[in-house]
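> My questions are about this predicted structure, shown below with the sequence.
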Amino acid sequence: MENRIKIERAILNITQDELAKRIGVSRQTINSIEANRYVPSTVLALKLSGEFGKPVNDFFKLSNDD
Amino acid sequence: MNKESFIDCERNRILSVLNFRLPYYFKYIGAVLVVSFFSLILLKSQFPEHIELMRNIGRKVFVIGLLCISLARDKEEDEMTNAIRLQSYTIAFILGVIYAVIMPYVEFGVSNAVQSGGESFKDLGDFQVLSFMFLIQLGFYYTLKRNR
């Protein structure tokens, strides 16, 4: 799974901590998602979608090994 | 009650058991219990007539202390910590089974290799297996959490 969370966050000009607080997770979780170490649940993906104002497909993409 | 609502009811009950966590302060209660286990070990020699009783109480206190630490919520609890906790329980269970199966043979083998006619073969006690599993679980949980 590849993602553009870092880019989307930069567009909104918010830190990992701010994004984490907005969607109710820890900063480390956001860091792990950005680094592709953790694949979030559908609920969390939809919360991110709500924050970025974009569909989930715009910032999560399946990679070849998925 | 029809079949679907019965299944829903059963699923909800199982989920509520799976999601059960103790409040955060139970980490401290668990730590106090674990420390009191070590205090009991130190005090054991002061009461030679109650050694067996103190050992039994100490072991129960130690396991309950580790259970409290294991079940206590984190300050920041989210789906990733839940996933890490699940992974750590899985690893602890698998290693615990391997430990319980292999360790008696290791103890028997080592004891007889060191001296002829060493200890007889005996299975591990519940305290040994449970404390091993809890220590593995907590070790993996905090290691995975630190490296997330």
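Looks like it arrived, so ask away.

> List the residues that contact B:Ile41.
B:Ile41 makes contact with B:Gly58, according to CB atoms under 8 Å, 6 or more residues apart in numbering or on different chains. Backbone N, C-alpha and C define where each C-beta goes, glycine included.

> For it, give me phi and psi.
phi -60, psi -40 (degrees, to the nearest 10).

> And it, how far from B:Pro104?
Distance, B:Ile41 to B:Pro104, by CB to CB, to the nearest Å: 24 Å.

> Show me which residues of chain A are close to chain B?
Residues of chain A found near chain B (CB under 8 Å from any CB of the partner chain) are A:24-26, A:28-29, A:31-32, A:37-38, A:40-41, A:43-44.

> Make a PyMOL selection of the buried ones in those.
Buried members of the residues of chain A next to chain B, defined by 16 or more other CB atoms under 10 Å in any protein chain shown, are picked up in PyMOL with:
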select buried, chain A and resi 25+26+28+29+31+32+38+40+44
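
> so which of the residues of chain A next to chain B comes closest to B:Ser5?
Distance to B:Ser5 across the residues of chain A next to chain B (CB to CB) is lowest for A:Val43, with 24.4 Å.

> what about the helix or strand harbouring the closest one, distance to the chain center?
Per DSSP states H and E: A:Val43 is located in helix A:42-52. Between the centre of helix A:42-52 and the centre of its chain there are 7 Å (CA atoms, centre = their mean, to the nearest Å).

> so what pLDDT did the spatially closest residue to A:Ile23 that is not a sequence neighbour get?
Leaving aside its sequence neighbours, A:Ile23 sits nearest to A:Lys47 (CB to CB, 6 or more residues apart in numbering or on different chains; 4.2 Å). pLDDT, A:Lys47: 95.

> From A:Arg22, how far off is A:Lys47?
From A:Lys47 across to A:Arg22, the span is 8 Å (CB to CB).

> if we can go back for a sec, sort out which of the residues of chain A next to chain B are in helices and list them.
Using DSSP state H, the members of these that fall within helices are A:28-29, A:31-32, A:43-44.

> Can you name the residues of chain B that neighbour chain A?
Contact residues (CB under 8 Å from any CB) of chain B with chain A: B:76, B:78-81, B:83, B:148.

> so how many other residues sit close to residue 47?
Let's take chain A. If you count neighbours by other CB atoms under 10 Å in any protein chain shown, A:Lys47 ends up with 17.

> Actually, chain B is the one I wanted.
11.

> just A:Glu18 next, same as before
Residues within reach of A:Glu18, counting by other CB under 10 Å, total 14.

> Just to be sure, it is in a strand?
No - read with DSSP: H, G, I helix; E, B strand; the rest coil, A:Glu18 is helix and lies in no strand.

> contacting residues for A:Leu62?
Contacts of A:Leu62 by CB under 8 Å, 6+ apart are A:1-2.
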